[in-house]
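**Q** Got a sequence here, can you model it:
(one chain, ligands or ions: 1)
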Amino acid sequence: MAQPAYVIDQLISAKAIAARIEALAGDIETAFAGTDKLIVVGLLRGSFVFIADLVRELDLPVEVDFLEASSYGDGTESTREVRIMKDLRGKIEGRDVLVVEDIVDTGHTLTHVIGLLRSRQPRRLETIALLDKPSRREVDIKATWTGFEIPDAFVVGYGIDYAQRNRNLPYIGTVRFLDEA
Ligand code: 5GP
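**A** You can find the predicted model right below:
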């Protein structure tokens, strides 16, 4: 089926994202000061740009790993059922771990991932989400650090897609369907 026509309105500029990441990296460095190794776990695929920029701001010994949880598929509605499509390559038992998520929406994905990773007994596990939509929450969860709180809108850009498109936009924008305008 053809995708409906839409336009993207900028919500958060590339410059604002970069400034926020610099500040967040400072907070993370303080929280994990003295770590022998921080395992930074990116949730694929939406966090790949965020994690790339974040780790380059972190003045800590880091290792990067990825986990893929099921997402929206090609639509714009969450399915609520979370499945692990790709697991970590490395072990996290006894390690310091930072989970990097693109968006906390209903909260089901992050809740599921945290439960799974905690069962592997890391020494410390914290979470960071670039975006948070608190008005959409169905599970009581909040990331340790949040980049920006945003309203209930479908966003793309900076690694985040709509039907696999628009991940390469350097900013975050909201999708506006033209037949809704
Ligand atoms: P949750 O389980 O918290 O409802 O959903 C988290 C996941 O849903 C995010 O990691 C992201 O993949 C997807 N998601 C939530 N809101 C949006 C959005 O506005 N745009 C896109 N493309 N994905 C979203």
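**Q** Could you tell me the model confidence score at Asp74?
**A** At Asp74, the predicted lDDT confidence score is 51.
**Q** likewise Gln3?
**A** 73.
**Q** what number of residues lie near it?
**A** Neighbourhood size, Gln3 [other C-beta atoms under 10 Å]: 10. The way it works is simple: take the backbone N, C-alpha and C, and place the C-beta from them, glycine included.
**Q** now swap in Asp53 and tell me
**A** So Asp53, with other C-beta under 10 Å, has 17 neighbours.
**Q** Touching, Val113 and Leu44? I think so.
**A** No. Using C-beta atoms under 8 Å, Val113 makes no contact with Leu44, being 11.3 Å away.
**Q** Show me which of these two is the more surrounded one.
**A** More crowded of Val113 and Leu44, by other C-beta under 10 Å: Val113, with 20 against 16.
**Q** for the more buried one, helix, strand, or coil?
**A** Under the three-state scheme (DSSP: H, G, I helix; E, B strand; the rest coil), Val113 adopts helix.
**Q** what separates it from the ligand, distance-wise?
**A** Distance of Val113 to the ligand, given as C-beta to the nearest ligand atom, to the nearest Å: 9 Å.
**Q** Also Ala16?
**A** Ala16 is 17 Å from the ligand, by C-beta to the nearest ligand atom.
**Q** before we move on, the earlier item: quickly list what's touching both of Val113 and Leu44.
**A** Common contacts of Val113 and Leu44 (C-beta atoms under 8 Å, 6 or more residues apart in numbering): Leu67.
**Q** Go ahead and name everything in contact with the helix ranked longest in the chain.
**A** Counting by DSSP state H, the longest helix found in the chain is helix 14-31. Residues from elsewhere that reach helix 14-31 (C-beta under 8 Å, 6+ apart): 50, 53-54, 57-60, 98, 126, 128, 130, 144-145, 147-148, 158, 170-172.
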